[in-house]
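In: Pasted the sequence and its predicted model underneath.
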Amino acid sequence: MTILQSTQHGVLTLTLQRPEKKNALSSVMYQALTAAVQQAEQDPDVRVVVLRGQPDCFCSGNDLADFVAAGALNAEHPTVMFLHALSHFQKPVIAAVSGLAIGIGTTALLHCDLVYAAPGCRFQLPFTALGLCPEAASSLLLPKLVGYQKAAQYLLLGEAFDTNEAHRMGLVNDVVSVDELFAYAEQKAQKLAALPSEAVMQSKKLLRAPQQQLVQQVLHQELAVFEHLLHTDACQQALSQFFARNKG
Ligand code: COA
């Protein structure tokens, strides 16, 4: 079981549980996350979702091997289905981030409503080094959050940033010690779950509405470019290097 689910007092907690692969998201994990989000949407007993990993690792991004094996980036691709479900989800999502947050481990946060992080996290968007481009509408949402030049630093150069930087830029709401992080996120989730649910959902909808259409448009534009880049020599070489590094 690579995604653990537990529900308590209206809060569904989804825990990425693949520590041996640094919580790289496989197709099976994307499918489980998508199903969980879709069920949560329909379930009146779920009012808030918390997304977390382990103390030393939130998520190392797409499972690179699985991602390539899953084929064309169409509407049935597990990553695409998850991005679609997350970006349309009407209930609030809280992320509790500790350790690594790479690739979609960072871009997914742009679709969460509240983000809490432990000190010393490593956030990174290493798309260009892999011969790839931004995903999850991060080419729209990141510059909107941090300004163009900073976004270029993270999305073109692929430079990592830490929790303090993520907090300064507004990606992270609060910095919480790793020992208290998950309890803190749960506590905030309980607080949200205790509020009138329709008011919370309508408020989220209003917050997201002005750019929802654009987010979907950009998300799909990015996927088309990503798909093209996946087949380039530069990307194939970068992926081979990653797999070779981990073999030897
Ligand atoms: N996809 C597939 N496997 C991954 C992975 C990923 N994104 N991230 C980590 N893993 C695997 C490694 O292959 C390794 O597997 P192995 O033990 O079978 O060889 C295992 O997880 C542990 O990773 P390792 O690289 O040994 O740990 P580390 O602490 O030295 O480095 C990372 C961790 C996350 C910095 C490094 O694994 C990495 O750079 N991963 C790729 C991240 C990435 O580019 N994500 C974006 C994808 S779009």
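Out: Structure received. This one's a predicted model, so the numbers in the text were calculated from it and none came from an experiment.

In: Strand partners (parallel or antiparallel) of the helix or strand where L12 lies?
Out: Under the criterion of DSSP states H and E, L12 resides in strand 11-16. Within its sheet, and counting by DSSP bridges, strand 11-16 is paired with strand 3-8 (antiparallel), strand 48-52 (parallel).

In: out of those strands, deepest packed?
Out: Comparing the strands paired with strand 11-16 by mean neighbour count (mean count of other Cβ atoms under 10 Å), strand 48-52 ranks first with a mean of 26. Every residue, glycine included, has its C-beta placed from N, CA and C.

In: Can you find the helix or strand in this protein with the smallest mean pLDDT?
Out: helix 64-69 (a mean of 86; mean pLDDT, DSSP states H and E).

In: what are the C-alpha coordinates of that helix, in PDB please?
Out: C-alpha atoms of helix 64-69 as PDB (Å, rounded to 0.1, in the frame of the first residue of the first chain):
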ATOM      1  CA  LEU A  64      10.700   8.600 -13.900                       C
ATOM      2  CA  ALA A  65      10.600   4.900 -15.000                       C
ATOM      3  CA  ASP A  66       6.900   4.500 -14.500                       C
ATOM      4  CA  PHE A  67       6.100   7.900 -16.000                       C
ATOM      5  CA  VAL A  68       7.700   7.000 -19.300                       C
ATOM      6  CA  ALA A  69       6.200   3.500 -19.300                       C
END
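
In: touching the ligand at all, the biggest helix by length in the chain?
Out: Longest helix of the chain, by residue count under DSSP state H: helix 197-230. No - on the criterion Cβ under 6 Å from any ligand atom, helix 197-230 is out of touch with the ligand, staying 9.2 Å away.

In: For that helix, what is the distance to the chain centroid?
Out: Per Cα atoms, centre = their mean, to the nearest Å, the displacement of helix 197-230 from the mean C-alpha position of its chain is 13 Å.

In: Okay, buried residues for that helix please.
Out: With burial defined by 16 or more other Cβ atoms under 10 Å, the residues of helix 197-230 counted as buried are 197, 200, 204, 208, 215, 218-219, 222-223, 226-227, 229-230.

In: Find the nearest non-adjacent residue to D113, please.
Out: P92 (4.4 Å; Cβ to Cβ, 6 or more residues apart in numbering).

In: separation between the one you found and the ligand?
Out: As judged by Cβ to the nearest ligand atom, to the nearest Å, P92 and the ligand stand 26 Å apart.

In: hang on, that residue packs against V48?
Out: Yes - contact criterion Cβ atoms under 8 Å: P92 and V48 qualify, at 5.1 Å.

In: Common neighbours of the two, please.
Out: Taking Cβ atoms under 8 Å, 6 or more residues apart in numbering as the contact rule, P92 and V48 both touch L192.

In: Tell me who's in contact with A24.
Out: R18, C59, S60, G61, N62, D63, L64, D66.

In: The third one: what's it in contact with?
Out: Put plainly, it is S60. Contacts of S60 by Cβ under 8 Å, 6+ apart are K21, K22, N23, A24, L100, I102, G103, G105.
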